[in-house]
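A.B. asks: Got a predicted structure plus its sequence, pasted below:
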Amino acid sequence: MLKHTAQRRYRRLSDLVRPFSLVLFVIFLAACGGAPAAPANDSSASDSTTNAATVSEIPAGEPKLAEKQELVAGISRNLVNGPEDWLYAHTSLQVWEPLVAYDDQLRPQPGLAESWELSADGKVWTFKLREGVRFSNGDPLTVEDVIATIEHFRKLSGRPSIFLSGINFPEIYGEPTAIEKVDERTLRLAYAEPRPLLIYAISNHYSAVYSAKNFDENGNFKDLPIGTGRYRLVDWKRDQYAILERNENYWGELPALTRIELKIYPNENSRLSALKAGEIDALVELGAVSAAQARELRNDPNFVVSRHDSTCTTHIAFNGEAGRVFSDMRLRQAVSLGIDREALVRDLLYGYPTVAQSIMIHTNADFFNPSENASFKYDPNLAKQLVNEATQGQRVKAVLIFTPPGEGITAWPYPQMAAYFQALLQPIGIDLELKQLESAALTDARNNGEFDLVLGNYCWASGDPNYILGRITSSKSNQNVAQHGGYNNPEVDELLAKGLVEVDAKKRQEYYFRIQEIAAQELPIAPLYDQPTIIAYRPYVKGLSQRVAYAPTFETVYIEEH
Amino acid sequence: MGAYILKQLALAVPTLLLLTFVAFSLTTAARGDPAEIALRQGGNDPTPEQIAAYREELGLNDPIIVRYGRWMLGLTQGDLGRSFLSQREVSKVLGERIVPTLRLGLTAFVVASVFGIGLGVLFGLSANSWFDIVGRWLSLLFAAIPSFWLALLLIVIVAERWRLLPVAGYGNGDPRYMILPVIALACGPAAALMRVTRGAVIEVWRQDYVRTARSHGLREVAIALRHALPNALLPIVTLLGLRFGQILAGAIIIESIFAWPGMGTELNTAISGRDLPVIGAYVLIAGVSFIVVNLITDISYGLLDPRIRLGAGQGGRA
Amino acid sequence: MSLHESLEQPFRPNFSRTIRLSWLNLTWLKRYRALLIPGLILGLIVFAGLFAPLVAPYDPNAIDIGNALSAPSWEHWLGTDQLGRDYFTRVLYGGQTTLFLAGFSTLVVIAIGLAVGLISGYVGGAVDTVISTCLTVLLALPNLLLTLAILGILGPSNQTLLIALIGAGWVGHARVFRASVLSLREQVYIEAAKALGFSPWRIMFRQLLPNLLPTVVVLATLDIGAFLLLISSLSFLGLGSQPPAADWGVMLSDARPYFTQVPMLVFAPGVLITLVVLTCNLLGDAIRDLVDLKR
């Protein structure tokens, strides 16, 4: 009886409550289900529909330029690192220009120096500055500015930099006995020893030039950077955006784009989503689009996907210390022979990378050895035979370490690759144990020698052949000593030493060719593929490409009416 | 009550000391040399000498207690130190991150509380009606969807396909950029709150004193407001306190999916980069905010349930 | 009935009696209706996970790279992943890992939380001050942050994930249980039991524990869900299972780039996580309702 009345009252209350609840409930549904919840949506919705309509109907015939020549592009990382960083802004932004640039074959090209000369003994470099160059603030470029920037680098040597080309001044510039002004247009660097490779080493990043007025007494930048490039940095926020405006004082031909907004999306999926949603016009720069994403986009008429060579190579490095399995050259060869690089590139990376053809990246035209002898083969039978020989029929157990599928510029599917290698090497007698370690733990494991194989990559900051070859093959290199690579071949050491001071270009090339042939045989590392930079953009963006040297070609871009 | 708050505040100081020390030691015990990691950023290959020099510069060779002491000393002067990775002042690094995180976190917290408690009370009061049943199922569903998966679906469907809202990023404070992350972050806690609130309301509604009140003919709304709700609030408040932490923590994942430039993404970078000063400062800030939230929770206990005499230890009647 | 027993009687949910009665008169079907469907679904998923080696049609790590990313078919019910591995098989094995991790951590976490909460809440005084201060300190670190820190030190793997989850998870529970005990402690019957001179242990185990049981059951079922969500989040961030093995979180993060091309790769693990959490929550509700019925 009591229960009955209670229930009736219950119902009465719920009647009262229901209208309120319905309202709240609808809002909740809207919030959770993603229906429009704010009035602000309407404008964006209509914006994007008009956008979509015009994209699908690109007018035939003569292209019409859009009224506003502005580009919004997505990138994977901070390209501006602020006044504490030695470079402030990355080369991609074209805020500064280098004394010596390089082309897509990593060959030195005139930059702010229109010509240079090396003395016969290889000890004195003389650079002639271009005439009529002005900084973005209107000041003319002087030799003093160049010297100030080099001194700035020297001062900050050893300070960490977020950019690929962190400074290690002695490695790049050696120990110059003089950095001096000869006349208003001439700069001289003098050395006690021959330094013929300087021109390669300093090309691009390491010869960036900023106005001498830019630096404070600690070597930090005062205020925004002042360079001679096509663009000025006008605003930026870490991890969010960088805004560039055309430098109207530029000494050369003015580019079409007047404003570039670079938005940062560290996560590769957010990046692609932003492109699809029409928040950005293009995805550019290192690691912009992954192979898997390119595979999805390439059949979509709303986007253009293009691949470009880069300066990076993915490889397997060994723990080659005495006593470890891969100190045996035959087992290193077995790993290299057992991995089907063609299939890896074709089936897992959808054809975007280039199969590695030497320990030297193929884009480095002056020093890449195209010979068969410097290349790698796939021969599982021979691999199996080598394992048998080395171990008398025993199976080899090895630990392969690698980082998780990363964000930013290392976005290669390492876990899948590792699983694939495990499957490939199992039949030839090598059992891989896979260990995924975040990058700090991976470095630690490498330093402690807690690995047999590691998936890694190298990027060339310049065409200087010594830059990476030295790191890989020198018996004294960090990789071979501290990181347990253990590779030691006196002949290679000697060739490296000779290459460093050889003034004759032909002979120098021979030394480095020889190193690549030895490396293909002895495998200090096993390169897998040369990485591409894959970019994607909307069809109305014209003339966009990506240089080997990291930078997107903003200067040739124009926007069609859309 | 005043004495209780004072006591809790006094406790906060050693708590924070212990907390930051634990954080300091944890990060020291973590694999990897902070100096080397900082120098290796972006694929650099520093020499052992450079690493050693940077270690020395960062003072990493000193014993942990010395480093902790130095950090504390700096703290008393309002100096949180410099980031190992970027060389920037930590107060600057986190200062520019705290606003986005607070915006996202607090909005999600308010949204979750309003919807969770509001709907929970209504469902509880109209228990077993069709409306309650549908609501219950939906709340169950939303409590069960992983937030990162929901985020993924929202991005692909709402932002990419329908183009209703921006995909990711901060958009310089444009509120439209906040809608999807808030939904992804708030749905789970809101649904959980709704469940608990509903349960608590039903529970209280069955209690003898409510029945008595009802049988004495008090108006139902009055009963609901005066008796049922305050009592039902006790478990809800506990949960709210916990949900606040859940939301802050969940922000670490959601921020990374939505490229939200908050403390979560900064913490991710700092943890993987072993950036001790940044981690220490983050823990300090998180610790302070949690202590404040816990204090508020405790105080509201006292206000809601006078039977719990705060600070009286064993309780008066024992 | 002695005074003692009558004191205890109304507050003890009597599962055994309910069940015995129900089996006799077949109303059990009606009574446990709410348990039936979620129970069956969860049972099926758990069974498939437990006996994955028997149920699964393929080797989870068998790579067939030429047949990668194929659509669902008779040979491959859920298609294949980017390495050509059978996705149905991998979902089953992934479930095995995920469910084990979630279940095990729940059990341990509840046990620790209950013990600490009971002692702290009931004993009170200095013990409570110490424990609750420790709890405050630990709670001040967000759960996920603590988990991340532990994972960072020990390196990611399933074992360390378990340690991290348990290490970070019990704190919140201890606090909840402590709060409940704090509230229960002031109830008349506990006061009465104290007045009768019952030993603290007896009060904790015979009066407090049974009263906490509904909370325990509800929290446990909620917990399995919460842990499942946390585990998959962490795996999604790359801190869980190591390749070539995969749990649902890892599978989701691996499948992300293929979402629009092969949606199944993203849907299958996501739907399963949701389903398991949902059924757990439903079971929790149903159990709580059953327990409540006895009052």
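C.D. replies: Here it is on my side, so go on.

A.B. asks: give me the low-pLDDT residue ranges for the chain?
C.D. replies: Picking chain A for this. A:1-63, A:158-167, A:406-410 (pLDDT under 70).

A.B. asks: The chain in question should be chain B.
C.D. replies: B:1, B:26-27, B:29-30, B:42-45, B:209-210, B:214, B:217-221, B:223-229, B:242, B:304-318.

A.B. asks: Please enumerate the helices of it.
C.D. replies: Counting by DSSP state H, one finds helices in chain B at the ranges B:2-29, B:34-39, B:48-58, B:64-76, B:90-125, B:130-144, B:147-154, B:176-206, B:208-215, B:220-223, B:229-257, B:263-272, B:276-304.

A.B. asks: Using TSV, lay out those together with distance to chain A and mean neighbour count.
C.D. replies: All C-beta spots, glycine's among them, are computed from the backbone N, C-alpha and C. Shown next, in TSV, are these (distance: least, C-beta to the nearest C-beta, whole Å; neighbours: other C-beta atoms under 10 Å in any protein chain shown):
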stretch	distance to chain A	mean neighbour count
helix B:2-29	11	16
helix B:34-39	5	24
helix B:48-58	5	16
helix B:64-76	18	14
helix B:90-125	4	22
helix B:130-144	6	19
helix B:147-154	6	23
helix B:176-206	5	25
helix B:208-215	6	14
helix B:220-223	4	16
helix B:229-257	6	23
helix B:263-272	6	24
helix B:276-304	12	20
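
A.B. asks: possible to save those helices as TSV with distance to residue C:280?
C.D. replies: Shown next, in TSV, are the helices of chain B (distance: least, C-beta to C-beta, whole Å):
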stretch	distance to residue C:280
helix B:2-29	32
helix B:34-39	40
helix B:48-58	47
helix B:64-76	42
helix B:90-125	19
helix B:130-144	8
helix B:147-154	17
helix B:176-206	12
helix B:208-215	30
helix B:220-223	34
helix B:229-257	17
helix B:263-272	27
helix B:276-304	26
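
A.B. asks: Among the ones you listed, single out whichever gets nearest to residue A:178.
C.D. replies: Residue A:178 lies closest, by C-beta to C-beta, to one member of these: helix B:48-58, at 25.0 Å.

A.B. asks: Quick one: distance of that closest one to the chain centre.
C.D. replies: Computed by C-alpha atoms, centre = their mean, to the nearest Å, the chain-centroid distance of helix B:48-58 equals 37 Å.

A.B. asks: can you check stretch C:32-50 too?
C.D. replies: For stretch C:32-50, the distance to the chain centre is 15 Å (C-alpha atoms, centre = their mean).

A.B. asks: Please list all residues in contact with residue B:96.
C.D. replies: A:237-238, B:261 (C-beta atoms under 8 Å, 6 or more residues apart in numbering or on different chains).

A.B. asks: ok, of these, which come out buried?
C.D. replies: Applying 16 or more other C-beta atoms under 10 Å in any protein chain shown to these, the neighbour count classes A:238, B:261 as buried.

A.B. asks: just checking, next helix/strand downstream of the top helix by length along chain C?
C.D. replies: Secondary structure of chain C per DSSP H: the longest helix is helix C:87-118. For helix C:87-118, the succeeding helix or strand toward the C-terminus, using DSSP states H and E, is helix C:125-140.

A.B. asks: which residues are in contact with that next one?
C.D. replies: Residues contacting helix C:125-140 (C-beta under 8 Å, 6+ apart): B:11, B:15-16, B:18-19, B:22, B:245, B:286-287, B:290-291, B:294, B:313-314, C:116, C:119-121, C:146, C:171-172, C:174-175, C:178.

A.B. asks: and stretch A:323-330, which residues are buried?
C.D. replies: For stretch A:323-330, by 16+ other C-beta under 10 Å, it's A:324-330.

A.B. asks: Same check on stretch C:158-165?
C.D. replies: C:158, C:160-165.

A.B. asks: The longest helix of chain C vs helix C:125-140, what angle?
C.D. replies: Note on geometry: by axes from the mean of the first three to the mean of the last three C-alpha atoms, to 10 degrees, helix C:87-118 and helix C:125-140 are set 150 degrees apart in direction.
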